[in-house]
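S.K.: Provide a 3D model corresponding to the input given below.
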Amino acid sequence: MNPRRLLMSESAWHLIREAASLSHPSEAGGILIGVRAEQALWITQAIEINPSTRDQSSYLLPRGATRRLVKAARAVDSRLGYLGDWHSHPADVPTSTTDHATLLRTAMRDREQTVLLVARQRETDYYPEVHQSRGDAIERCKVTFVGDLPEQQERNRE
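M.R.: Below you'll find the model as predicted:
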């Protein structure tokens, strides 16, 4: 089976890599904002969120932070919405069973395809491991890096 396609802005990935590096050896994390295109999800922004819990093997988003930040992003650009969460693994370890369970729980709650991006450290850099929920299944995604989302143009009213 071919992996699902996921678009990601280079600026979002840059923020994740930078946050993961600065937080090392603890985990960093946050949320993924973007658009749902016909053929793929497009992560346009990554937002780092100071956690309620952070150490070398866990990261926990504080309650209420996601809704507030998504609402703020939508106020700037109505096309944007919540696509999922991200966090770093300061070692080269894959997503955990806890990561997968959280992804499925979030997808069931939101009734939407949801993404989990784990920035895994390998040697001196990070690389993305991305999974997407599809109902009660989790599939690996192939990431294609792209530019930023063009600014929203006001529609002409006639």
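
S.K.: SS state for the residue sitting nearest the centre point of the chain?
M.R.: Taking CA atoms, centre = their mean, the centroid of the chain lies closest to residue 32, which sits 3.5 Å from it. Three-state assignment for residue 32 (DSSP: H, G, I helix; E, B strand; the rest coil): strand.

S.K.: how about the nearest residue to residue 135 once chain neighbours are set aside, what does it touch?
M.R.: Ranked by CB to CB, 6 or more residues apart in numbering and with sequence neighbours excluded, the top spatial neighbour of residue 135 is residue 107, at 8.0 Å. Using the backbone N, CA and C atoms, a C-beta is placed for each residue, glycine as well. Residue 107 sits next to 113-114, 133, 135 when contact means CB atoms under 8 Å, 6 or more residues apart in numbering.

S.K.: so which of those are in helices?
M.R.: If you go by DSSP state H, those have nothing in helices.

S.K.: return the members of the residues you listed classed as buried.
M.R.: With neighbours counted by 16 or more other CB atoms under 10 Å, those contain buried members at 113-114, 133.

S.K.: now stretch 7-20: mean pLDDT?
M.R.: Across stretch 7-20, the average pLDDT comes to 96.

S.K.: in what helix or strand does residue 75 lie?
M.R.: helix 65-76 (DSSP states H and E).

S.K.: what angle do the next helix or strand after that helix and helix 65-76 make?
M.R.: Next helix or strand after helix 65-76 toward the C-terminus (DSSP H and E): strand 81-89. Angle, strand 81-89 to helix 65-76, by axes from the mean of the first three to the mean of the last three CA atoms, to 10 degrees: 130 degrees.

S.K.: about what we covered before: now do the buried residues in whichever strand or helix holds the residue nearest to residue 135.
M.R.: In the assignment (DSSP H and E), residue 107 maps to helix 97-110. Within helix 97-110, the residues that count as buried by 16+ other CB under 10 Å are 99, 102-104, 106-107.
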